[in-house]
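Chemist: structure for this input, please:
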Amino acid sequence: MKKSYLAGAIGVVLVGAALIASRSSTVHHHSAKVAPAYARLATLSTAARHDVDYTLLDSRLQQLMKKPFMVGLAVGVVENGRITFLRGYGHTLSGSDEQVTPATVFRWASLSKGVAATTVVKLAEEGKVDLNAPISTYNTSLRLPGGAEQRASVIDLLSHRLGIYHNADDPRLESGEDPKELRSELGQLDLVCQPGTCWNYENVAYDDSSEIVANVTHEPYQTAVQRMLFDPIGMTSASLTKDGLESSPSWARPHSAGGRPLQVSDNYYKIPGAGGVNSDIKDLALWMLAQMGEMPGVLSPKVLSELHARLVKTPNERGRLHMPSGEPLESAWYGLGWRSYDYAGHAIVGHRGGVDGYRSLILFDPQKKSGVVALWNSNTNQPGGLEFEVMDQIYHLGFHDWLHIAGTSEAKAEEESDDSGDSGIRARRR
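Modeler: Modelled structure (predicted):
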């Protein structure tokens, strides 16, 4: 398979206000009304570079791209509240000449859950949603065993504590069934615990959040998210539909772990609150800046505190991240659409995502205002180690090959979701 990477000079050129202006005329991009102080955040700042060795980082990513399971990759780094690195590697389609650039659009997959949670919590701040109210208050399609939707709160929904088995009815969604019908049938399951008392990762059920938003705002979920988040943050490439992806001037095609091109499936676009967002790497970096607290006019400290609260421990996270015992990851939690970790004595926030042909990650330290984002277009989880290599540099820790570039690493090229939950509990229908 042909491999290449985009030179750093091009990465610098493709960031900033000029990139925003050039994209505003495309089919699905919106002209955002961004405050001047926030518009400055969209430009690349080499002056903010203090902790990360970007020559080493670029070399590591070039080595990663030589692996047979890699096709295209985009990476962004933020230091001290400014974007310091945006670069594309490889190709949008295996065997093509179209290179990935910082303007190439990928799918976010489960990073979308943070968008849904943020929208709901903003509505709560406006007094339009009560996070402690039962889900049934908002007249959505979700039904839980024994009428538990009348007891489970909105917080339980956004923190995966509904009391049902993990990833409930994902296979039926992937076979093309209607997600609202699936949510209405979850009441036929057996509860594995009372709502609020155990943690099981969800997709179909989690998307009830998009119904809450639509019912409260009286507008489509996509419209509400665009108005409340994407436009004021300046995320001009972001969208929530398959058409939004495919109408982008440059978009990454999905691939198997073996580099075989795949068809874009619309199944997870049908649950946009769980897996529907698309954007380029710059917009994902801007999203991270907003979550760091750098755009308080969009996301207030109160909203961020609610989102990133450590609500429930996820003890199996170390294994999911291939993090051996004794390494810097000390504990893991889930909040509202976001994961939190204690890492080498620091509190960090992030999430990973995966749908067929795409993977994603975001990880940051909200106190240091530093972190990393990445998007790639093949069914391999191996680039996930990038987040810890960057954080190790930010904290001036010793080098560790978290990307597993040295030695055998083919086992990491697995075709699975990169954020599918911790529990092994399976379905039981009555």
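Chemist: so where do the strands sit in this structure?
Modeler: With DSSP state E as the criterion, the chain has strands at 72-79, 82-90, 106-107, 278-279, 312-313, 329-334, 339-343, 346-355, 358-365, 370-376.
Chemist: so which of these gets nearest His218?
Modeler: His218 lies closest to strand 278-279 among the strands of the chain, at 24.8 Å (Cβ to Cβ). Just so you know, the C-beta spots here come from the backbone N, C-alpha and C atoms, and that holds for glycine as well.
Chemist: mean confidence score for the closest one?
Modeler: For strand 278-279, mean pLDDT is 98.
Chemist: can you spell out which helices and strands pack onto it?
Modeler: strand 106-107 (3 or more Cβ pairs under 8 Å, 6 or more residues apart in numbering; DSSP states H and E).
Chemist: the residue lying closest to Val100 once chain neighbours are set aside and Pro102: what is the separation?
Modeler: Spatially, and ignoring its direct neighbours in sequence, Val100 is nearest to Gly88 (3.6 Å; Cβ to Cβ, 6 or more residues apart in numbering). For Gly88, the distance to Pro102 equals 6 Å [Cβ to Cβ, to the nearest Å].
Chemist: low pLDDT regions in the stretch 301-430 of the chain?
Modeler: 326, 407-430 (pLDDT under 70).
Chemist: need the helices for it, in chain order.
Modeler: In the stretch 301-430 of the chain, the segments counted as helices under DSSP state H, counting those that start in this stretch are 301-307, 317-320, 386-394.
Chemist: now do the stretch 101-250 of the chain
Modeler: Assigned by DSSP H, counting those that start in this stretch, the helices in the stretch 101-250 of the chain fall at 112-125, 154-158, 170-174, 179-185, 208-217, 221-225, 231-233, 242-246.
Chemist: ok, now which ones touch the most centrally placed residue in the chain?
Modeler: Centroid-nearest residue in the chain: Leu111, 1.7 Å away (criterion: Cα atoms, centre = their mean). Counting by Cβ atoms under 8 Å, 6 or more residues apart in numbering, Leu111 touches 277, 284, 351-353, 360-362.
Chemist: can you pick the most crowded of those?
Modeler: Val277 (35 neighbours; other Cβ atoms under 10 Å).
Chemist: one step back: need the helices of the stretch 101-250 of the chain in TSV (columns: mean neighbour count and mean pLDDT).
Modeler: TSV is the format used below for those (neighbours: other Cβ atoms under 10 Å; pLDDT from 0 to 100):
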stretch	mean neighbour count	mean pLDDT
helix 112-125	25	98
helix 154-158	27	98
helix 170-174	16	98
helix 179-185	19	98
helix 208-217	23	98
helix 221-225	21	98
helix 231-233	20	96
helix 242-246	19	98
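Chemist: in a markdown table, list those helices along with distance to Glu202.
Modeler: As requested, the helices of the stretch 101-250 of the chain are exported to a markdown table (distance: least, Cβ to Cβ, whole Å):
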| stretch | distance to Glu202 |
| --- | --- |
| helix 112-125 | 9 |
| helix 154-158 | 8 |
| helix 170-174 | 9 |
| helix 179-185 | 10 |
| helix 208-217 | 9 |
| helix 221-225 | 17 |
| helix 231-233 | 26 |
| helix 242-246 | 22 |
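Chemist: returning to what we had before: is the residue nearest to Val100 in a bridge, and if so with what?
Modeler: Gly88 has these beta-bridge partners by DSSP bridges: Ala74.
Chemist: likewise Ser360?
Modeler: Gly353, Leu375.
Chemist: and it, what does it touch?
Modeler: When contacts are counted by Cβ under 8 Å, 6+ apart, Ser360 is found next to 106-111, 284, 352-354, 373-376, 418.
Chemist: re the thing from before, distance of the residue nearest to the centre of the chain from Gln226?
Modeler: Leu111 sits at a distance of 17 Å from Gln226 (criterion: Cβ to Cβ).
Chemist: does Thr241 really touch Val277, like I thought?
Modeler: No - the pair Thr241 and Val277 fails to qualify as a contact (Cβ atoms under 8 Å) at a distance of 9.9 Å.
Chemist: can you list the helices of the stretch 301-430 of the chain in CSV and add mean neighbour count?
Modeler: Listed next are those as CSV, based on neighbours: other Cβ atoms under 10 Å:
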stretch, mean neighbour count
helix 301-307, 17
helix 317-320, 16
helix 386-394, 24
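Chemist: could you point out which of the ones you listed sits nearest Asp190?
Modeler: Nearest to Asp190, of all those, is helix 317-320, at 25.2 Å by Cβ to Cβ.
Chemist: okay, that closest one in PDB with CA atoms only?
Modeler: Below are the C-alpha coordinates for helix 317-320, written out as PDB (Å, rounded to 0.1, in the frame of the first residue of the first chain):
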ATOM      1  CA  GLU A 317     -10.400   0.800  31.600                       C
ATOM      2  CA  ARG A 318      -6.700  -0.100  32.100                       C
ATOM      3  CA  GLY A 319      -7.200  -3.300  30.200                       C
ATOM      4  CA  ARG A 320      -9.200  -1.700  27.400                       C
END
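Chemist: so how far is it off the chain centroid?
Modeler: Centroid separation for helix 317-320 versus its chain: 18 Å, with Cα atoms, centre = their mean, to the nearest Å.
Chemist: what's it packed up against?
Modeler: strand 329-334.
Chemist: can you point out the buried residues in the strand it packs on?
Modeler: Buried residues in strand 329-334, counted by 16 or more other Cβ atoms under 10 Å: 329, 332-334.
Chemist: stretch 251-269 too?
Modeler: Neighbour-count burial for stretch 251-269, counted by 16+ other Cβ under 10 Å, picks out 251-257, 259, 261, 264, 267-269.
Chemist: of all the residues you listed, which two lie farthest apart?
Modeler: Greatest spatial distance in the buried residues of stretch 251-269: Gly259 and Tyr269, 23.9 Å, computed using Cβ to Cβ.
Chemist: related to what we said a few turns ago, out of the helices of the stretch 101-250 of the chain, nearest to Asn132?
Modeler: Closest approach to Asn132 among the helices of the stretch 101-250 of the chain (Cβ to Cβ): helix 154-158, 6.4 Å.
Chemist: who does the closest one touch, helix- and strand-wise?
Modeler: Judged by 3+ Cβ pairs under 8 Å, 6+ apart, helix 154-158 is in contact with helix 112-125, helix 208-217.
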